[in-house]
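Novice: sequence plus the predicted model coming up.
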Amino acid sequence: MRVNAIAFGSSAILAISLATLTGCRDVAGVEGDSAGDGAAKLATVPTSLPSHTIRQITFGPKQHFYGYQGHAGNTPFNRSGTKLALLEVSFQNRLVTASDAANVILVDVATAQSHVLTSIGAWNFQQGTMMYWNPLNPNEELFFNDRRKDGSNKIETVLFNVNTKTRREFFFPATPFANSGVAQNGGKFLGINYGRLQRLRPVTGYAGAYDWTVGVNAPTNDGIFLVDVATGTSKLLISFKQLLNSFVGQHPDMAGKALLINHTLWNRTDTRIIAAVRWLVGTSLSSVWFTMNPDGTGVHETPSPGHFDWDLSQKVVGWYGTETRLYNTAVNQTVQVIDPTFFTKDGDVAIARDTNWIATTAGSGTDRYIKVYSLAARAGFRMPAFNASPYVGNGTTGPTEPYTSQNRIDGSPLWSADATKIYQTKMASDGTRQGFIISLTWP
């Protein structure tokens, strides 16, 4: 089977033409992508399904994990696939405190040997420390978040060289936000206020982190920030007050609520950003999802995609009500419903860099499993089930959420760059949380 390959600069991204696949069905009256995907070339991807093996790569008694950050190019694998960057902590059976440190470790994929790179003070179980390999130096440099050592509890972002152990700090004293999403082609990252998150939705915040917005529901000096990595300068792209003004007309229950932000994620060409502005109603979470340009203009509401991933241009693959769809956020239209006999439940969608392979999770906390699907082969397979309990969501959120729910890590299958391996965190046989590698082999 031949498939389209779309070229962006020096890199080629493979794009399966979903309309030709019998595993998908068309939705009538849908127009093409208004942004376009550029000139197409032809390439070939495997149409057969691989065999797979599962290997534990980290071991107790300490816990090892990466976290669910939303899928937008982030992975614990370095670009060559030879190393994993993970967190290591000594507990999982209580809430994280401001004094709890985590080790950043580097694991050799071939030997499972690991060593500690550094220790950090800004992390949680669900999202880790928002750790990304630097796309401009993806075998040597890591972005992660940390806490200042001066007792201020202010948060910063660090660019760390795993060979020299040198660190470059991005710290903004008046508004100490930290990384929430590195641009997929590098050079910039988005930032949010993790102290505000800790106060409002601690499952995604950092314990004790400084918050400069206490008592303000929709501040003008907080929201989504942008950092230029080369210059180290930052600017506020869009404030909570601007988001409130943009959406309160259609969502009047936003008024008078303390707003927060999750899932600030770049598309594959760094031309569009998606995010969710949220607020609590009791112990439930309400959200408005939106996309915008990298300069904060062109704000556009879009339906919730669940735990999605970006496909090409302004399209995402996510869960929309009862089915997994390829959805065009530029015009808010469904492009395709993807194989409804295979994708039967919501999950944590992760699309490989070649855009042919989709990994997702499904099932309950006690019977969770990963599924892998090939668009070219129009088929997929399911991994053996695993038990994530007792660290599963209990259906509530906010400051009163119990530690067993706050300390969860959503399924989050994460691809290596060459789409031959998937990383996952799950409970090991000794009751600790560990890293596992799924290796895919084609005949």
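Specialist: Nice, thanks for sending it over.
Novice: any idea how far stretch 71-83 is from the chain center?
Specialist: Its chain's C-alpha centre and that of stretch 71-83 lie 12 Å apart, by Cα atoms, centre = their mean, to the nearest Å.
Novice: what's the answer for stretch 405-418, then?
Specialist: 8 Å.
Novice: with stretch 341-355 instead?
Specialist: On Cα atoms, centre = their mean, the centre of stretch 341-355 falls 14 Å from that of its chain.
Novice: any idea how far apart the tips of that stretch sit?
Specialist: 20 Å (Cα to Cα, to the nearest Å).
Novice: buried stuff in that stretch?
Specialist: 342, 343, 346, 347, 348, 349, 350, 351, 352, 353, 354, 355 (16 or more other Cβ atoms under 10 Å). Bear in mind the C-beta positions are built from the backbone N, C-alpha and C, glycine included.
Novice: tell me how many other residues surround the nearest residue in space to the second one that is not next to it in sequence.
Specialist: Yep, that's residue 343 we're talking about. Leaving out its chain neighbours, the residue that sits closest to residue 343 by Cβ to Cβ, 6 or more residues apart in numbering is residue 324, at 3.7 Å. When neighbours are counted by other Cβ atoms under 10 Å, residue 324 registers 28.
Novice: over to residue 70?
Specialist: 24.
Novice: what's across from the residue nearest to residue 343 in the sheet?
Specialist: For residue 324, the beta-bridge partners are residue 319 (DSSP bridges).
Novice: measure it to residue 119 for me?
Specialist: 40 Å (Cβ to Cβ, to the nearest Å).
Novice: okay, residue 43: pLDDT?
Specialist: The model reports residue 43 with a pLDDT of 45.
Novice: ok, residue 181 next?
Specialist: So residue 181 comes in at 97 (pLDDT).
Novice: go on, residue 232?
Specialist: Model confidence at residue 232 (pLDDT) stands at 98.
Novice: count the residues that sit near it.
Specialist: 13.
Novice: surely it forms part of a helix?
Specialist: No - looking at residue 232 with DSSP: H, G, I helix; E, B strand; the rest coil, it is coil, so not inside a helix.
Novice: show me what whatever helix or strand residue 226 lives in is packed against.
Specialist: Element membership of residue 226 [criterion: DSSP states H and E] is strand 223-228. Secondary-structure packing of strand 223-228 (3 or more Cβ pairs under 8 Å, 6 or more residues apart in numbering; DSSP states H and E): strand 188-192, strand 234-239, helix 240-247, strand 260-266.
Novice: I'd like the mean pLDDT over the longest one, please.
Specialist: Going back to what we said before, that points to helix 240-247. For helix 240-247, the per-residue pLDDT averages 98.
Novice: from residue 371, how far off is the residue nearest to residue 343?
Specialist: Distance, residue 324 to residue 371, using Cβ to Cβ: 11 Å.
Novice: ok, residue 249 next?
Specialist: 40 Å.
Novice: which of these two has more residues huddled nearby?
Specialist: More neighbours surround residue 371 than the other of residue 249 and residue 371, with 20 against 8 (other Cβ under 10 Å).
Novice: hey, what's the more buried one bridged with?
Specialist: residue 360, residue 382.
Novice: if I pick it, what's in contact with it?
Specialist: Counting by Cβ atoms under 8 Å, 6 or more residues apart in numbering, residue 371 makes contact with 342, 343, 347, 359, 360, 361, 362, 380, 381, 382, 383.
Novice: what does residue 205 give?
Specialist: Residue 205 neighbours (Cβ under 8 Å, 6+ apart): 124, 194, 195, 196, 197, 198, 199.
Novice: then residue 203?
Specialist: So residue 203 contacts 124, 126, 397, 401, 405, 406, 408 (Cβ under 8 Å, 6+ apart).
Novice: distance of the residue nearest to residue 438 when sequence neighbours are not counted from residue 125?
Specialist: Leaving aside its sequence neighbours, residue 438 sits nearest to residue 422 (Cβ to Cβ, 6+ apart; 4.2 Å). Using Cβ to Cβ, we find residue 422 at a distance of 20 Å from residue 125.
Novice: returning to that earlier point: by neighbour count, which of the contacts of residue 205 wins?
Specialist: Among the contacts of residue 205, residue 194 has the most neighbours (other Cβ under 10 Å), with 29 neighbours.
Novice: distance of the closest residue to that one other than its chain neighbours from residue 117?
Specialist: Spatial nearest neighbour of residue 194, excluding adjacent residues (Cβ to Cβ, 6+ apart): residue 206 at 4.4 Å. According to Cβ to Cβ, residue 206 and residue 117 sit 19 Å apart.
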